[in-house]
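Trainee: missing the sequence, but the structure's below:
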């Protein structure tokens, strides 16, 4: 069964600290993996997208990694800011269109 | 400015009411989607339209009726909804073949 599991379900850290969010997937065939950020009351916004051959992708303070052998991805946030408080969702694509398998997300809270 | 606009942002309705959700995309995309997002659950794909033609209906109850008059507009007509239909309804658009979906900020629907 195609699944995307994220951990932890929620995380609280202090402003300025780093954190890493995890994503494990059992999806086949695999086209690409994306991380989305969803602020409260807003729609998801794409942070990174990685294909099978890429093992790291950065977007500012966000760095995503992908290990296609172990079917794991992580999202590392450096020097967290209050505005990083949001849900972070891992999504694996079966093809190049709409066949997406969504994780339930990690809710991240940054405290001052 | 997300490029995908949803109205209304909030909707409260009784189980016997009829209402419609509207989505408009200004990105020149040729595919549009409706998703349901319930608390702590992965996004659920409801409907997909490619070039105004419905290509996916994920066993959605008939009390949800989509309409796509052109590639820029998408509606979700609601009637005789149930309390478990209370959720955030998200609209997205993409260019077929790229797989990168852009989301609106959703309509928060509450069924009394």
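Mentor: It's in. Please read these numbers as outputs of a predicted model, since none were measured by experiment. Numbers count the residues shown, from 1 in each chain, chains lettered A, B, ... in the order given.
Trainee: what helix or strand is the residue of chain A found nearest chain B on?
Mentor: Distance from chain B to each residue of chain A (CB to the nearest CB) is smallest for residue A:43, at 3.3 Å. C-beta here means a position set from N, CA and C on the backbone, and glycine is covered the same way. Here residue A:43 is covered by no helix or strand, with elements defined by DSSP states H and E.
Trainee: cool, the one 3 residues further on as well?
Mentor: Taking DSSP H and E as the criterion, residue A:46 maps to strand A:45-51.
Trainee: how far is that strand from where the chain is centred?
Mentor: Put simply, strand A:45-51 sits 8 Å off its chain's centre (CA atoms, centre = their mean, to the nearest Å).
Trainee: repeat for stretch A:44-54
Mentor: Mean C-alpha position of stretch A:44-54 versus that of the full chain (CA atoms, centre = their mean) differs by 9 Å.
Trainee: Pull out the buried residues from it.
Mentor: A:44, A:47-50 (16 or more other CB atoms under 10 Å in any protein chain shown).
Trainee: got it, and stretch A:85-99?
Mentor: Across stretch A:85-99, burial judged by 16+ other CB under 10 Å covers A:85-94, A:97-99.
Trainee: now do stretch B:43-56
Mentor: Those would be B:43, B:45-50, B:52, B:56, for stretch B:43-56 by 16+ other CB under 10 Å.
Trainee: Identify the farthest-apart pair in these.
Mentor: B:43 and B:52 (22.8 Å; CB to CB).
Trainee: low pLDDT regions in chain B?
Mentor: Filtered on pLDDT under 70, chain B yields the residue ranges B:1-2, B:99.
Trainee: Equivalent analysis for chain A, please.
Mentor: For chain A, the ranges with pLDDT under 70 are A:96-97.
Trainee: ok, residue A:38 touching residue A:85?
Mentor: No - Residue A:38 lies out of contact with residue A:85 (CB atoms under 8 Å); the separation is 11.0 Å.
Trainee: Quick check, residue A:39 in contact with residue A:86.
Mentor: Yes - contact criterion CB under 8 Å: residue A:39 and residue A:86 qualify, at 4.8 Å.
Trainee: Spell out which parts of chain A neighbour chain B.
Mentor: Proximity of chain A to chain B, by CB under 8 Å from any CB of the partner chain, involves residues A:4, A:9, A:31-32, A:34, A:41-46, A:49, A:89, A:93, A:95-98, A:100-105.
Trainee: Could you report the neighbour count for residue A:16?
Mentor: 11 (other CB atoms under 10 Å in any protein chain shown).
Trainee: for chain B, which residue is closest to the average position?
Mentor: Centroid-nearest residue in chain B, with CA atoms, centre = their mean: residue B:34, separated by 3.1 Å.
Trainee: Which residues are in contact with that one?
Mentor: B:23, B:45-47, B:66, B:74, B:76, B:89-91 (CB atoms under 8 Å, 6 or more residues apart in numbering or on different chains).
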